[in-house]
Every structure is written in C-alpha cells, then in structure tokens.
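Novice: next one to model:
(chains A and B, ligands or ions: 1)
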Amino acid sequence: MECNDLQLLLSCYADGECTPEEARRVRDHLELCASCRATLEQWTAASQAWAAEEPEPASLRPLHARIEAELWRQRASARSAPIRRARRGVHAAWGLLATAAAVVLAVGLLYPSATAEQEAREIVQIDQGNREEAMRQRSLLERLRLEIAATTLRAQAAGVSTERLAELDREAQSILAETQSLEQRLYVLQTRMALGALSPTSRPRGDRPAPGGGR
Amino acid sequence: MVVRLRFRQDRAGLKPAARTPGTVSATDEELVERYRLGDDDAFEWLVERYGASALRFARYLVRDGHLAEEIAQDAFVKLVGVVRDGGFDPARGRFASFFFRMVRHLSIDRMRARSRAPQIAEDLDPQESVGAPDLLLQKERCAQVREIVATLPERERAAIVLREFDGLSYKEIALALDANIETVKTWIFRARRRIQGSWSEAHAEESRTHGM
Ligand SMILES: [Zn+2]
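Specialist: As a prediction, this is how the structure comes out:
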C-alpha cells in the first residue's frame, strides 16, 4: 500500500531531509491522502508537546561551577612561561586573592545542589589547582624581586644616579599603588555583585528536586 | 541566570564577564578554535549553548537525573582537555556530533561502571504540575511523550532526542551515534511511530472519558 511505503519518506519530509524529488512525491501524496496528513499532524503535535520540556536551571548550576573551576585549573597549569608572566607582574599578588575567591565562589555555587561527596571532590580539585597557582605566584614574586634588583644594578652601571633611581622607583610605586587600588575596588565590587546574586534571598535553597525524584 | 565572576588577571586586570564582540554569532567550531587559542569566554559560550542539551541527552540515555548531571559535567571537563590537545577536527564533522558522541560514550561508560541496567523512566516521570489548566495539560502531554520515549531502544531514543531538541541533521546524528544515515532515518521514523501510537491512543481515551 502506498501509504506504508511513504511513511518513512514522510518522516524525512518532516525533518526536511528529503531530496526535492522525494519531497514532491510526499506533497503529491499528502494532497490526496487525509490519513497521511493526520499522521503528519500527530507527529507535529507530539513534537510540540514534548518541546515544552524545560531543563531545570538548578541542575545546570553545578555544571557551570565545575567548568569554571576546570577552566581555572587548566589555565593555571598552562602557564609555564614565567618570563612572559613577569611582564604581567603587576597583577601577580592579586591572583592569590582571586584564588581564594574562586574557592569561596565555587563552593558557594556548588553548595545548594551537589551531594557531599561530589562537593568534596570538587573542592579537592579546585584546591589543587589553586595551590599550584599559588606556588607559581610565589616563585614569580621572587623572580620579580630579583629582576628589580638586577635592573637597579644595570641602571647604576649605566650611570643613573641613586637619587634619580629612587625618584623613578617612587613614581613607579605610586602608579602601581593607584592601579592596584582601582583594581581591588573593581574586584571587590564584582565579588559583592556575584555573592549578592547568590545570596539566600535571591537563591532559594529548596529549588532542587530531592534525591529520589519529584520537585 | 547566576552572575558568575570570571578571572582575567592574565589580561588587563580582572574584568567582568564582558562578552567578546561577535561571540553570539560565532559558530560552535569557531568557539572551539577560539578556546584552543586561549579564549576562555569562548568555552563558556559552548557551555551556555550545550549545557542544557548535554544534560537532557544524558538524562534520556541513563534515565537518572543525578547521574546525568555528573555525565554532563564530565563531558565538558573532558572537552576542555580534548580541545586543548587539538583533538577536535572540524573536517570530520560538526562540533555537535562530536560532542554528543562524547556524551553518549560517557553515559555508556558510567552505566557500565555502575553495572546498572537502564531502568524505566526513573527520572522521566510526570512532574508535579502547577499553574493554569492549559499549562497542566501541556505538561501532562509532555510527560506522556517522555514516558513513551523512555521505553524506546537506546539509539532510537538518542536519535529522536537529538533530532527534536537539538535539531541535528540525519548526517550529524549518524556521526554522533556511530551509525549510517539510512539507519538513523529508520530509528527516527520508528520512534515517531511509537510516540504517535501511544499518543493517539491516549487521546482517543481522553476524548472518550470527556464524553466527546
Ligand atoms: Zn497516505
């Protein structure tokens, strides 16, 4: 019977996966066959009803938190070029702060939904990445101190007076202090915003299904 | 949406999560490449695009919401490594196929590890409905389809989910499910017929009970 032969094509037609020739065949048949038209309608109705399914935002939260932690960990371990990083030295000390905040935030994000053991695993993972990063930061600071000392020596050798050098150093430190204070302000602001968005008032804790199903 | 703080100290200080211009219109493949070159925002975009899909796909595969969450997380964590190592080759197909294939394999691994035969619809039961009656009906119908889908064979189920929710082409589904296009065609058709069968039965029943 033609309808049966055509059903598979009808399904392809519904998905826009037919050749133009096949599509024409289907259309010609649909014009004559109420039964196949009804089939196509039922497929569409079922598909639309099914589409009402929405993912629970709560179940995506641990996902985002873990990815954030993973990206952080990856970036920390990818950084193995200290010279290149030395140029970004201004921001070095500050990474430690960020590291601490990352733990707080990641834990905060995980807390409402992750199981205790999942949480523990995440924290160990995040913590390991952060510890590695902290060690890198420390050795970077040491390197920077050495480089500053070396620069001073080179400047003296080139005939720059001690007074002039001290003046330049003060200037550099004052610019640095200002930069850091602005960055810290921005950072505190961002942190507060992020924590504000996670506070109990805006994030009810009971928004996740209890283990065993149901909402 | 949760405001997430991103750490950017290797650029100019710590910046808010400003989206790089053009990110929204970038293809998945472009995002992958940008992440490979060091742009973490690009990866976050992939998570935005595929997070819910990965979760849903895994849930239909393993029929367990909590396990599905773990699988989705594992998939992205694995993706980080794979992309960093240049393990995604766009010449071999779209990112969607590549990614869903990964989710499926992780799902299979996890199910094996738990040596747990897939159970029927543990997590796919009708949800408690709140709200207007028409919304209620819509939710009931949705639950009804999900129940039918939960009883389909694994790859038919996978194929219809990727088709209906993620809009993958037959070719992309074939790549994701390690099958050929003709088989995918049949899976989707069979899935539809099963859904339609139970659907029209249920509706006939509904009409009778409502005296229509
Ligand atoms: Zn017909």
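Novice: every contact and neighbour count from this point should use C-alpha atoms.
Specialist: OK.
Novice: care to break chain A down by domain?
Specialist: A:3-49, A:80-111, A:112-160, A:161-194 (automatic domain parsing).
Novice: worst mean pLDDT among the ones you listed?
Specialist: Among the domains of chain A, domain A:80-111 carries the lowest mean pLDDT, at a mean of 47.
Novice: tally of neighbours for whatever residue of chain A ends up closest to chain B?
Specialist: Closest to chain B within chain A is A:W50: 4.4 Å, counting by C-alpha to the nearest C-alpha. A:W50 has 23 neighbours, counted by other C-alpha atoms under 10 Å in any protein chain shown.
Novice: find the nearest non-adjacent residue to the residue most central in space within chain B, please.
Specialist: The centre of chain B sits closest to B:S53, judged by C-alpha atoms, centre = their mean, with a distance of 2.8 Å. Among residues not flanking B:S53 along the chain, B:D166 sits closest, at 7.0 Å (C-alpha to C-alpha, 6 or more residues apart in numbering or on different chains).
Novice: helix, strand or coil: sort out that neighbour for me.
Specialist: Under DSSP: H, G, I helix; E, B strand; the rest coil, the three-state class of B:D166 is coil.
Novice: measure it to B:A52 for me?
Specialist: Going from B:D166 to B:A52 by C-alpha to C-alpha, to the nearest Å gives 10 Å.
Novice: who's more crowded, those two?
Specialist: Neighbour count, other C-alpha under 10 Å: between B:D166 and B:A52, B:A52 has more, with 20 against 15.
Novice: does that one really touch A:R61, like I thought?
Specialist: No - here B:A52 does not reach A:R61: they are 10.6 Å apart, not a contact under C-alpha atoms under 8 Å.
Novice: return the nearest residue of chain B with respect to chain A.
Specialist: Closest point on chain B to chain A, by C-alpha to the nearest C-alpha, is B:C142, at 4.4 Å.
Novice: tell me the confidence at the residue of chain B found nearest the ion?
Specialist: Relative to the ion, the nearest point of chain B is B:R193 (14.2 Å; C-alpha to the ion). Here the pLDDT value assigned to B:R193 is 93.
Novice: so which helix or strand takes in it?
Specialist: helix B:181-209 (DSSP states H and E).
Novice: any idea how far that helix is from the chain center?
Specialist: On the basis of C-alpha atoms, centre = their mean, to the nearest Å, helix B:181-209 sits 21 Å off its chain's mean C-alpha point.
Novice: so does that helix get close to chain A?
Specialist: Yes - Helix B:181-209 comes into contact with chain A (C-alpha under 8 Å from any C-alpha of the partner chain), by way of B:185-186, B:188-189, B:192, B:195-196, B:199-200.
Novice: from those, which two are the most distant?
Specialist: By the measure C-alpha to C-alpha, those have their two most distant members at B:K185 and B:S200, which lie 22.2 Å apart.
Novice: who has more neighbours out of these two?
Specialist: B:K185 (23 against 15).
Novice: quick one: the strands in chain A, in order.
Specialist: Using DSSP state E, no strands are assigned anywhere in chain A.
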